[in-house]
Each structure stands twice: as C-alpha cells, then as structure tokens.
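> From the sequence below, what's the structure:
(one chain, ligands or ions: 2)
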Amino acid sequence: MASTTTAAPIVRTPSDATGEYRDMLLRLMTRQFYAETATAEVFGRSIGCAPTLREKLLAAEFAREEAEHSGRLCRLFEGLGVDPEQVFAARPSAAQFWSLDLDNWVHIAVFNFTVDRAGSHQIMEYRDSSYKPWADAMGSVLADEEGHYGNGVENLREFARDKTFFAEFQQVYFGMLPVTVKRAFGRPTGADNDYCVAVGLKRHTTEQVVNRYLGEMLGYMRECGLKFPPLAAFDKIGAELMPSTRDIILSNQ
Ligand SMILES: [Fe+2]
Ligand SMILES: [Fe+2]
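Ligands and ions are numbered 1, 2, ... in the order given. Just a heads-up that it's a prediction; the model follows:
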C-alpha cells in the first residue's frame, strides 16, 4: 500500500511536540494505552479460563508482553509531562469497552483474533509516525504482536475443527467485529483523520488501515469458513464504513 504522505517533518523530542500536534499525539497515545492495558487485563484473566496448560502459559506470556507495551506508553507519557496513572484512571473497563465476557474462552479467542490485531494495525502506523520517540518504541511491540496474532489464527483453526464450537465462535465474532471497527479505528473520515495524515502521525487514512486489517483477516477466514457479520450489524451500532470497506465485508457473507 502506498504511503499517503512523507513530507511531514520529524518531531524528535517531547519538547518539540507542541500545540495541536501535541494534543493529537496525546489522543492517539491514550487510545493505544487503553488498548494495551485492556489486552494485558484480558490475557491476564484468560489464564483462568484457558482450556489447556499450553494456552494458560501463552496467556501468561502475552499478559506480560502487553504490560511491557503499556510500560512503554507510560514512559512516553512521562516524557511529555503527563501522569500515566491519570490517563489510566480515565480508562473505560475492558469488558465494557469491547463488549466482552472475560470468563468465557470463546470470547477470549475471538478477542485475540479480532481486537488485539486491530491494535496492531494502528501500531503499524505509529511505528512510522513523525513523533520519533513513539516510532522508535514500537518496533519490538509489533514483533510481540505477530506472536499474539499467530496464536489467534491457530485458535481459529482449532475452533473450525468442531461444528458446535465454531458456530459459537462465529456468533461471538458477529458481535465483536463491528464493535472493534468502531472503537479501535474510529470514524473513517473527518478533519482529525486528515490532520493525522498531514502531520505524519499516521501514514495512511483510516479507510486504508481498516481495509488492510480486514483484508488480512479475510485470508484466514476463507481458509476456515468464518464469515463477516452482515452490514446491518455495523449499521446498528453506528460503525461507519466507507464503500470500499463495505465491499470487503460483502465479499465474504
Ligand atoms: Fe500490545
Ligand atoms: Fe497483543
């Protein structure tokens, strides 16, 4: 996918991030911080409900990695003179934010395949962000996330082997994907999006990022027979979709 802009100047230090740029940077970092701390919490809780020892050990490993990602954001906040405890105190509960049952293994498996990966696609943008301290901190985070998604795909394949379990996975996915598209990516158009791309905080439009995310998923979904939720499920919760995104969703109903 071609970069939308490369002309924006690089912001090398926290004191160079000022005004509108700093405000938007803090908004994006806060969104990522909510996601990192939520995934740490979800994987932590999933140690309890994972069905096998192997899955419990992986959940513990992923929780530690998500906590480490959260810690990176804490240091970036501190660099900008913001107290991470205060950002955390304003965070909505993970269960509420993602419509999740944290004690249900199917929910956790769908979360891992769906929500955690949406976060990764945002981080791919931040890795190339014009705010250098943030970009520099994201490389190894993405390496961890590859491992999380690998496990998410493996779980999907595992569920696909059993008709009853897979039907349940499909149902939970129908509920969780629209929420993910709405909450993880936000509105696909608007002045905020244009600003982020213009100043290089992100390198692609939200439409491009969402489509890249869904396109990646689609390959694994086709392999396993998982379908996208009907468009009505997105419309119902007010998840806005561009025509190109609707086409991807319609291609696998
Ligand atoms: Fe993470
Ligand atoms: Fe993750």
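
> what about Q122, neighbour count?
Residues near Q122, counting by other Cβ atoms under 10 Å, number 21. Where C-beta positions appear, they are placed from N, C-alpha and C, glycine not excepted.

> Tell me how far it lies from A137.
With distances taken as Cβ to Cβ, to the nearest Å, Q122 is found 14 Å from A137.

> same check, this time on H204
The separation that H204 has from A137, given Cβ to Cβ, amounts to 20 Å.

> if you count what's nearby, which of these two comes out ahead?
H204 (21 against 18).

> so is that one in a helix, a strand, or just coil?
Using DSSP: H, G, I helix; E, B strand; the rest coil, the structure places H204 in coil.

> who in the stretch 1-150 of the chain is up against ligand 1?
36, 66, 69 (Cβ under 5 Å from the ion).

> switch the cut-off to 6 Å
Contact residues, the stretch 1-150 of the chain versus ligand 1 (Cβ under 6 Å from the ion): 36, 39, 66, 69, 141, 145.

> Quick check: the gap between the last one and E65.
In this structure, E145 and E65 are separated by 8 Å, where distance is defined by Cβ to Cβ.

> still on that earlier bit, grab the two from the residues of the stretch 1-150 of the chain next to ligand 1 that are most spread out in space.
Maximum pairwise distance among these (Cβ to Cβ): 11.3 Å, between T39 and V141.

> who's more crowded, these two?
Neighbours were counted for T39 and for V141 using other Cβ under 10 Å; T39 has more, 26 against 21.

> neighbours around the closest residue in space to that one that isn't next to it in sequence, how many?
Distances taken as Cβ to Cβ, 6 or more residues apart in numbering place E66 nearest to T39, at 4.4 Å, with adjacent residues excluded. By the criterion of other Cβ under 10 Å, E66 has 26 neighbours.

> Okay, and E66 sits in which element?
Counting by DSSP states H and E, the element that carries E66 is helix 53-79.

> Just the buried residues of the following helix or strand past that helix, please?
Using DSSP H and E, the helix or strand that follows helix 53-79 towards the C-terminus is helix 84-89. The neighbour-count check on helix 84-89 (16 or more other Cβ atoms under 10 Å) flags 84, 87-88 as buried.

> what do you get for stretch 222-235?
Neighbour counts over stretch 222-235 (16+ other Cβ under 10 Å) mark 224, 226, 228-229, 231, 233-234 as buried.

> likewise stretch 233-246?
By neighbour count with 16+ other Cβ under 10 Å, stretch 233-246 contains the buried residues 233-234, 239-242, 245.

> Of those, which pair is most distant in space?
The span of the buried residues of stretch 233-246, defined through Cβ to Cβ, is set by A233 and M242 at 16.7 Å.
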